[in-house]
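Trainee: turn this into a model:
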Amino acid sequence: MKSYRKELWFNVPVRRGFVNITDHVNRCLNESGVSEGLVLVNAMHITASVFINDDESGLHQDYEKWLENLAPHEPISRYQHNRTGEDNGDAHLKRQIMGREVVVAITKGKLDFGPWEQIFYGEFDGRRRKRVLVKIIGE
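Mentor: Residues are numbered from 1 along each chain as shown. Down below sits the predicted model:
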């Protein structure tokens, strides 16, 4: 069995944003030489997420509104976590909702997606470098 590991680094210049990382993961898959197996893609920071959905700007705007309604950034005094001197209590909750990682099957050297599926990095407390782990195993 082959095993491949790579770290991808992202620096979203604003507090929140979504980055389509499907092409990055496809490049990793090509480098790995795996044609049948699994790829794990996970955010290596507690205020970021990796998820699968459609690459449609209206949907991304809906996510932004929905997440902000569920866990508003302000007032920052609403979160116990922010009493430590942080201002990102909301980002931890948003990450919990959107998830830490995805696993995708690899079939005949391709990501085995359903229609419209893409992989995204979700940033909820940006303006600094954060990493995403890509781990591929298979034959």
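
Trainee: nearest residue to Tyr4 in space, ignoring adjacent ones along the chain?
Mentor: Ser32 (3.6 Å; C-beta to C-beta, 6 or more residues apart in numbering). Backbone N, C-alpha and C define where each C-beta goes, glycine included.

Trainee: and for Gln80?
Mentor: Gly89 (7.2 Å).

Trainee: Asn20 contacts Phe120, correct?
Mentor: Yes: Asn20 is within contact range of Phe120, at 5.8 Å (criterion: C-beta atoms under 8 Å).

Trainee: how about Phe113, what does it touch?
Mentor: Listed by C-beta atoms under 8 Å, 6 or more residues apart in numbering, the contact partners of Phe113 are 52, 104.

Trainee: before we move on, the earlier item: what residues are shared contacts of Asn20 and Phe120?
Mentor: Asp55.

Trainee: report the buried residues of the one helix or strand Ile106 maps to.
Mentor: Per DSSP states H and E: Ile106 is located in strand 101-107. Within strand 101-107, the residues that count as buried by 16 or more other C-beta atoms under 10 Å are 102, 104, 106.

Trainee: relative to Leu38, how far out is the last one?
Mentor: Spatial separation of Ile106 from Leu38 under the definition C-beta to C-beta, to the nearest Å is 6 Å.

Trainee: between those two, which contacts overlap?
Mentor: Contacts common to Ile106 and Leu38, judged by C-beta under 8 Å, 6+ apart, are 136, 138.

Trainee: what separation do you get for the residue nearest the centre of the chain and Asp90?
Mentor: Centroid check for the chain by C-alpha atoms, centre = their mean gives Val50 as the closest residue, at 1.9 Å. To Asp90, Val50 is 19 Å away according to C-beta to C-beta.
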